[in-house]
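Visitor: Predicted model and sequence below, questions to follow.
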Amino acid sequence: MNYKNKQLLSRILFLGLFALIIVGIFWMGRSLPTAQDGVSVEATAADFLPTGNGKAVLVEFSDFQCPACRAYYPLVAELRKEFSANLTVVYKNFPLKNIHKNAELASRAGEAAKLQGKFNEIEEILFAKQDEWANSGQALSLFRSYAEDLGLDMERFALDIDSSSVKDKVNADYQEGISLGVSGTPTFFLNGKKITNPRSYDEFKSIIEQSIK
């Protein structure tokens, strides 16, 4: 098989996996209470709202152990890159602790890395290596190894990941999501308004473009 055919096959497999995950989200949504599309955030939640004309804020309630969040990660990362001058992406922790045993610890790892300016980097690693740590009994050791690979101050990381301030931040994000009717991940708010999860990158891109006109 030549290189072009391998690329085509890889793309087809990715799109197929993404479609299956989207279908899974739909069926899960039928059995869970969900916030209505279009629900608006109070203006006091400043991090949900743009700072000026031609700007947009995309808030994502996400769970690092969620397969659907992993599927959406490349789309959100590409949007962040393509619309870097006009789009702010805000990650909110919504660990589904009842079904994902290492999700809360992963959220704390993300917040600990954020305190050293490396959130985007550890976000990429946590999603890329989700299968490695998701059901592991050694998740903390794995998170420490990821942090070390990123060149973080390991003494500080070890303190932060178990600190009350980081735990409070994760819990505050989660409670904020609950107050907004979030019940599953990922859930997106664009400029303070909940949107239906887009089915493709082009659909997502179109929604962002309309919001920054």
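Guide: Sure thing, it's come through.

Visitor: all contacts plus neighbour counts: C-alpha atoms, from now on.
Guide: Noted.

Visitor: Compute the distance between the residue sitting nearest the centre point of the chain and residue 127, please.
Guide: With distances taken as C-alpha atoms, centre = their mean, residue 62 lies nearest the centre of the chain, 4.0 Å away. Distance from residue 62 to residue 127, counting by C-alpha to C-alpha, to the nearest Å: 11 Å.

Visitor: cool, and residue 179?
Guide: Distance of residue 179 to residue 127, given as C-alpha to C-alpha: 26 Å.

Visitor: Over to residue 164?
Guide: Residue 164 sits 25 Å away from residue 127, going by C-alpha to C-alpha.

Visitor: So for these two, which residue has more residues nearby?
Guide: Higher neighbour count among residue 164 and residue 127: residue 127, with 23 against 11, using other C-alpha atoms under 10 Å.

Visitor: Now do the contacts for that one.
Guide: Applying C-alpha atoms under 8 Å, 6 or more residues apart in numbering, we find residue 127 in contact with 64, 65, 70, 73.

Visitor: Repeat the analysis, applying 7 Å as the threshold.
Guide: Applying C-alpha atoms under 7 Å, 6 or more residues apart in numbering, one finds that residue 127 lies in contact with 64, 70.

Visitor: Distance from whichever strand or helix holds it to the middle of the chain?
Guide: For residue 127, the element it lies in under DSSP states H and E is helix 119-128. Centroid separation for helix 119-128 versus its chain: 10 Å, with C-alpha atoms, centre = their mean, to the nearest Å.

Visitor: Buried residues in that helix, which are they?
Guide: 119, 122, 123, 124, 126, 127 (16 or more other C-alpha atoms under 10 Å).

Visitor: follow-up on the earlier one: who does the residue nearest to the centre of the chain form a beta bridge with?
Guide: Residue 62 has these beta-bridge partners by DSSP bridges: residue 93.

Visitor: Contacts only, for it.
Guide: By C-alpha under 7 Å, 6+ apart, residue 62 lies in contact with 69, 92, 93, 94, 185, 186, 187.

Visitor: Could you confirm residue 109 falls within a helix?
Guide: Yes. Counting by DSSP: H, G, I helix; E, B strand; the rest coil, residue 109 is located in a helix.

Visitor: contacting residues for residue 93?
Guide: Shown in contact with residue 93 (C-alpha under 7 Å, 6+ apart): 61, 62, 63, 107, 170, 173, 174.

Visitor: Give me the spatial nearest neighbour of the third one, chain neighbours excluded.
Guide: If I follow you right, that is residue 63. Using C-alpha to C-alpha, 6 or more residues apart in numbering and skipping the chain neighbours, the partner closest in space to residue 63 is residue 95 (4.7 Å).

Visitor: State whether residue 50 is indeed within a strand.
Guide: No. Under three-state DSSP, residue 50 sits outside any strand and is assigned coil.

Visitor: from what I can see it touches residue 57, true?
Guide: Yes. Residue 50 is within contact range of residue 57, at 5.4 Å (criterion: C-alpha atoms under 7 Å).
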